[in-house]
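Undergrad: need coordinates for the below:
(2 chains)
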Amino acid sequence: VNWGCHGGCLTCSDSNGCLSCKPRFFFFLERSGMRQVGVCLSSCPSGYYGTRSRSPDINKCTKCGLSNCDSCFNRNFCMRCKAGFYLLQGKCQETCPEGLVPSDTQRECVLDCSA
Amino acid sequence: AARCAAPCRCDGDGGADCSGRGLGAVPTGLSAFTYYLDLSMNNITELPANVFKNLTYLEELRLAGNDLMSIHPEALSGLHQLKVLMLQNNQLKMVPSAALRNLHALQSLRLDANHITEVPENSFEGLQQLRHLWLDDNNLAEVPVEPLSHLANLQALTLALNRITSVPDHAFANLSSLVVLHLHNNRIREIGKNSFSGLDNLETLDLNFNNLVTFPEAIEALPKLKELGFHSNGIAVIPERAFLRNTLLRTIHLYDNPLSTVGTTAFQNLSELHSLILRGASKMETFPSLTGTVNLESLTLTGTKISAIPASLCEELRLLRTLDLSYNKIKELPRFQGCFHLEEINLQHNRIQQIRGDTFQGLASLHILDLSKNEIKSIDKGAFSSLVALTSLDLSVNALTSVPTTGLRALHQLRLSANLDLKGTLEPRSLPKLRTISVPYAYQCCAFAGCDTIMSSSGDSERKMDTSSKGAGEEVAGERIHLAVHCLPSPGAFKPCEFLLGSWMIRLTVWFICLV
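TA: Residues are numbered from 1 along each chain as shown, chains lettered A, B, ... in the order given. The predicted structure follows:
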C-alpha cells in the first residue's frame, strides 16, 4: 500500500507514510492494523494535544495525561471528557461537587438550575 | 438520508467531513442540521458573507490548514450555537475581530500557527463563554492586554512561540478563571512585580525558553500554582522564600539556567513537591532547608560548594527514594537512617574520607550506592551490613586499603578500581550474586576468573584481604565454586594469577638470561 505524501507531509516513504512534516503541522503516528503510519495534521486526534516547540522545531501530537479525557489543552487540562465523566476546571470527575449537577449532553458539571 | 454536499462524507448524524479534498471554497448543499463540519486541509482562500447562515445548529467548524488571509465580517453570522472554531494553520495577519463578535456560545478558538501581529482591542468582546484560546506560533510582539480583559471565563491560554519581550503589570488582571498559561518560547526579559495579579486560579505557568535574567517574583500572586516551568532562561539567583506563597507546587522545572546562588529558604514548605532538581549552582555553599517539603521523593543537588549535609535530612524527607549529591564538596556524611525508602544514593565526586558503621544503617531498600571519586580511606566493617538489597556499589577512585563485604550478598556489580593501596584479594563466597567487578590489580581477578576454587574448611590457599565476612560463620567445607564473574583487569600472560617467579621454568630462564 502506498501511503503517499498527503497534506502537511514534507518527506514520506511508501511504506511508512509521512516521515517529516511541513512547518507548523503536527506529526502523529497513526495505527493502521499492525502497522504505524506517519501523518501530518493541523490538529491532533481525540485523546491527544499538539505541542509546538522551536528548540528543536518539532511539532507533535502528545497523549493527554488525564484518563477519561477526550480532548485536552495540555497534558493536565481537559476540554472535553469521555462519556460518563464530567468536566470541571479542566478535570474529569465521576461526580459533581455541591451546587453543580452532571450534564450528560455537555459532559460537564453545570449549575443546578432547580436549586 | 440527510443531505450531504458532493465532495464531503456525512455520517447521517449531523457530521460532515470535507477535509483534504482540494476544495477552493465552502461547498454548498450541506444539511441544515449539520452540527460538525470539517473543512480543514483544503485550499479555501476566503469566507464570503453569510456562507454558513443555514447551519444554525453548527457546534464545531474546522477550517484549519487552509489559505485564509482574512475573514469577511459577516462570514460567521448565524452560527449562534458554535462552540469550537478552528482557524489554525492559515495566513491571518490580524485577529478577525468583527467576524467573531456574535459567536456568543464559542468556547474554544484556535488561531495558532498564523501570522498574527495585531489583536484589535475589541477582538474578543462578544465571546463571554470562551474558555480555551490558542494564539501561539504567531508574530505577537506584546501581550494583548486589552483584548484579553474581556474574557472572564477563559481557563486556558497559550501565547507561546511569539516575539513577546515583556509582561506588563496587571497583564491578565481580569482572567480570574484562568488555570493554564503558556508563555514559553518567547523573548521575555522582564516580568513586572504585579504581572500575574488577578490570576487567582492559575495552576500551570510555563515560562520556559525565554530571556529572563531575574527570578519571576510575580509568581507571589499565584496561590494555586501547581506546575511552574522557567527552564532554559538566564536566571542566576533564586531568592530566599522564592515560593513562599506557592505552597501547592508539585513540579518546578528550572534546569538550563546559569544558577549561581539559591536562597537557603527557597524550597521550604512545598509539601506537594515530589522532585527537586538543582544543578550547577556553583556559588551555593549551604544545603537548602527543606523543612516542610516532606513529600520529596527525588532530590538532585549537584555542582555546588556544599560541604555538609544536615543531620536532620532524613528526619524531614522520609519519602526520599533517589538522592543525587554528586559533584559537591561534601566531607562528612550524616546518618541516612530515617530515609527507609531510599533506593539510590549518588555521592560521586565529593571529599568524603570515611564511612562510619551507622551511615547507611537501616537502608534495606537501597539498590545503588555510588561513592566513587572521593578520598575514602576507611570503611567501618558493618557499614554495609544492612544493605540487603544493594545490587551496585561503586567505590572506585578512592584511597581504600580494605573493603568490608558483610551484608553484600545481593551485590551484582562492584567497582574498586583505582584504589592503589587495595592489594589483598576478595573472597568470592561473601559475594554470591556478583556478576561484574573491577579491581585495582589483575591478580585480584584470579579469585573470580572462572577458576574452580577449592575451599577447605581449615583455611584458604590464597592470601586473604582483611574481610570481616569470615566472622559470619558462612563457610562451607569442600565446596566447589564455579563463578561466571566478569572481572577487570583480567589476568593474562604478563599479569599471571601465580607469583611471577613461582614457576621453575621461568626461574631457570631468568637465570640463564642473567648468566648470558
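Undergrad: can you list the residues of chain A near chain B?
TA: By Cβ under 8 Å from any Cβ of the partner chain, the residues of chain A that approach chain B are A:6-8, A:24-25, A:42-43, A:52-55, A:73-74, A:76-77, A:79, A:89-90. Every C-beta, even on glycine, is put in place using the N, C-alpha and C of the backbone.
Undergrad: buried ones only from the residues you listed, please, as a ChimeraX command.
TA: The following ChimeraX line selects those of those that are buried, judged by 16 or more other Cβ atoms under 10 Å in any protein chain shown:
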select /A:7,8,24,25,42,43,52,53,73,74,76,77,79,90
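Undergrad: so which of the residues of chain A next to chain B are in strands?
TA: Members of the residues of chain A next to chain B lying in strands (criterion: DSSP state E): A:73-74, A:77, A:79.
Undergrad: quick one: A:Cys113 from B:Ala308, how far?
TA: 63 Å (Cβ to Cβ, to the nearest Å).
Undergrad: for B:Arg163, that is, sorry about that
TA: Separation of B:Arg163 from B:Ala308 (Cβ to Cβ) stands at 46 Å.
Undergrad: cool, and B:Val95?
TA: B:Val95 is 57 Å from B:Ala308, where distance means Cβ to Cβ.
Undergrad: of all residues in the stretch 301-450 of chain B, which one is closest to chain A?
TA: Going by Cβ to the nearest Cβ, chain A is nearest to B:Arg321 of the stretch 301-450 of chain B, at 21.3 Å.
Undergrad: what does the stretch 101-250 of chain B put close to chain A?
TA: Contact residues (Cβ under 8 Å from any Cβ) of the stretch 101-250 of chain B with chain A: B:108, B:110, B:112-113, B:131-132, B:136-137, B:155-156, B:158, B:160-161, B:179-180, B:182, B:184-185, B:201, B:203-204, B:209, B:227, B:232.
Undergrad: tell me the residues of chain B that contact chain A?
TA: Within chain B, the positions adjacent to chain A are B:20, B:40-41, B:62, B:64-65, B:86, B:88-89, B:108, B:110, B:112-113, B:131-132, B:136-137, B:155-156, B:158, B:160-161, B:179-180, B:182, B:184-185, B:201, B:203-204, B:209, B:227, B:232 by Cβ under 8 Å from any Cβ.
Undergrad: just the buried ones among those, please.
TA: Buried among these (16+ other Cβ under 10 Å): B:40-41, B:62, B:64-65, B:86, B:88-89, B:108, B:110, B:112-113, B:131-132, B:136-137, B:155-156, B:158, B:160-161, B:179-180, B:182, B:184-185, B:201, B:203-204, B:209, B:227, B:232.
Undergrad: from these, which land in strands?
TA: B:62, B:86, B:108, B:110, B:132, B:156, B:158, B:180, B:182, B:204, B:227.
Undergrad: quick revisit: and the furthest pair within the ones in strands among the residues of chain A next to chain B?
TA: For those, the maximum inter-member distance is 10.0 Å, found between A:Asn74 and A:Met79 (Cβ to Cβ).
Undergrad: where does the closest residue to B:His274 other than its chain neighbours fall, phi/psi-wise?
TA: Computed as Cβ to Cβ, 6 or more residues apart in numbering or on different chains, the closest residue to B:His274 that is not its neighbour in sequence is B:Glu297, at 5.0 Å. The phi/psi pair for B:Glu297 (degrees, to the nearest 10) reads phi -110, psi -20.
Undergrad: what sits against B:Glu297?
TA: By Cβ atoms under 8 Å, 6 or more residues apart in numbering or on different chains, B:Glu297 lies in contact with B:274-275, B:319-322, B:341.
Undergrad: who wins for neighbours among these?
TA: Of all the contacts of B:Glu297, B:Leu320 has the most neighbours under the rule other Cβ atoms under 10 Å in any protein chain shown, reaching 24 neighbours.
Undergrad: hmm, that one is touching B:Asn295, no?
TA: No - judged on Cβ atoms under 8 Å, B:Leu320 makes no contact with B:Asn295 at a distance of 9.8 Å.
Undergrad: quick check: B:Lys305 vs B:Ala16, distance?
TA: Separation of B:Lys305 from B:Ala16 (Cβ to Cβ): 66 Å.
Undergrad: more neighbours, those two?
TA: Neighbours per residue (other Cβ under 10 Å) separate B:Lys305 from B:Ala16, with B:Ala16 holding more: 24 against 12.
Undergrad: closest residue of chain A to chain B?
TA: Counting by Cβ to the nearest Cβ, chain A gets nearest chain B through A:Ser42, at 3.7 Å.
Undergrad: quickly note the distance from B:Gly22 to chain A.
TA: B:Gly22 is 10 Å from chain A, where distance means Cβ to the nearest Cβ, to the nearest Å.
Undergrad: quick one, phi/psi of that residue?
TA: Per-residue torsions, B:Gly22: phi 70, psi 20 (degrees, to the nearest 10).
Undergrad: contacting residues for it?
TA: B:Gly22 neighbours (Cβ under 8 Å, 6+ apart): B:42-43.
Undergrad: please apply the same query to the one 4 residues further on.
TA: Contacts for B:Val26 were tallied using Cβ under 8 Å, 6+ apart; they are B:39, B:44, B:47, B:51-52.
Undergrad: report the two of these separated the most.
TA: B:Ile44 and B:Phe52 (12.4 Å).
Undergrad: what about B:Ile513, neighbour count?
TA: Using other Cβ under 10 Å, B:Ile513 is surrounded by 8 other residues.
Undergrad: give me the secondary structure label for it.
TA: Following DSSP: H, G, I helix; E, B strand; the rest coil, we place B:Ile513 in the helix state.
Undergrad: can I assume A:Arg52 is in contact with B:Asp112?
TA: Yes - between A:Arg52 and B:Asp112 there is a contact under Cβ under 8 Å: 7.2 Å.
Undergrad: what do these two both touch?
TA: B:136-137.
Undergrad: dump the residue contacts of the nearest residue to A:Leu41 once chain neighbours are set aside.
TA: Among residues not flanking A:Leu41 along the chain, A:Phe26 sits closest, at 4.9 Å (Cβ to Cβ, 6+ apart). Counting by Cβ under 8 Å, 6+ apart, A:Phe26 touches A:8, A:40-44, A:50, A:59-61.
Undergrad: nothing else from me, thank you.
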